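A.B. asks: need coordinates for the below:
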Amino acid sequence: MATEEEMRQAQQQMIIAQHNEAVKGITKVGHAVYGKKSFDDAANVVGAKLADRTYEFVEIAKEFDDPAGPVMTLANNPTQLEQMSKLPTARMVTEIARIESRSKPHGHATTGNQPAWQTVDHSGHVSYEEWQKTGGSQFGNDQDEAWNRAFDKVQAERSRKVPR
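C.D. replies: Okay, the predicted model is just below:
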């Protein structure tokens, strides 16, 4: 039978493993949405500033729909990051919620049991870095030309079917 100390150590290991999985998931979403280099740079800036409060920040942010968004926002706003580093936990939660609501259309963030980053597949998302390189097309300009040809073909077929 496990001793109380062994149970406590096992519980701590489980908490750390769950935290590491959350970090991996947030990083995966951050890479998909913002690009690998941009997100990694932002995460390093925020992590360096928050230092020993980084764990706390991640534990709070993982409960929001876009935990990578506040990382990017704070990395690009040193004054706000400085303020965040000094906030008590309850105020940190409020500030992360404010950042997320400002990034949503009409300031409306979704609510539900699971944060969206855990339920939404970002595999087809075009990252910001990719958008800058290709203008939003993952396949280059050929995709636009192919789409235009297909659209013109459909329009031509429709015009032949319309009775005159």
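A.B. asks: now do the longest helix along the chain, average pLDDT.
C.D. replies: Of all the segments assigned as helix in the chain under DSSP state H, the longest by residue count is helix 4-34. Helix 4-34 shows a mean pLDDT of 89.
A.B. asks: now for that helix, which elements pack on it?
C.D. replies: helix 36-50, helix 54-61, helix 68-75, helix 116-119, helix 128-134 (3 or more Cβ pairs under 8 Å, 6 or more residues apart in numbering; DSSP states H and E). To be clear about C-beta, it is placed using only N, CA and C from the backbone, and glycine gets the same treatment.
A.B. asks: which one of those lies nearest to residue 8?
C.D. replies: Taking Cβ to Cβ, helix 54-61 is the member of these nearest to residue 8, at 18.2 Å.
A.B. asks: the closest one - contacts with which helices or strands?
C.D. replies: By 3+ Cβ pairs under 8 Å, 6+ apart, helix 54-61 packs against helix 4-34, helix 36-50, helix 89-103.
A.B. asks: can you list the domains in the protein?
C.D. replies: What automatic domain parsing lists as the domains of the chain is 4-121, 126-164.
A.B. asks: rank those by pLDDT, which is bottom?
C.D. replies: Of all the domains of the chain, domain 126-164 carries the lowest average pLDDT, namely a mean of 68.
A.B. asks: and the helix or strand hosting residue 145, how far from the chain's centre?
C.D. replies: According to DSSP states H and E, residue 145 maps onto helix 142-161. Offset of helix 142-161 from its chain centre (Cα atoms, centre = their mean, to the nearest Å): 35 Å.
A.B. asks: same question, stretch 65-79
C.D. replies: Between the centre of stretch 65-79 and the centre of its host chain there is 10 Å, according to Cα atoms, centre = their mean.
A.B. asks: list of residues touching that stretch?
C.D. replies: With contacts defined as Cβ atoms under 8 Å, 6 or more residues apart in numbering, stretch 65-79 is touched by 26-27, 29-30, 33-34, 38-39, 41-43, 45-46, 49, 58, 61, 64, 80-81, 84, 96, 99-100, 103, 109-110, 115-117.
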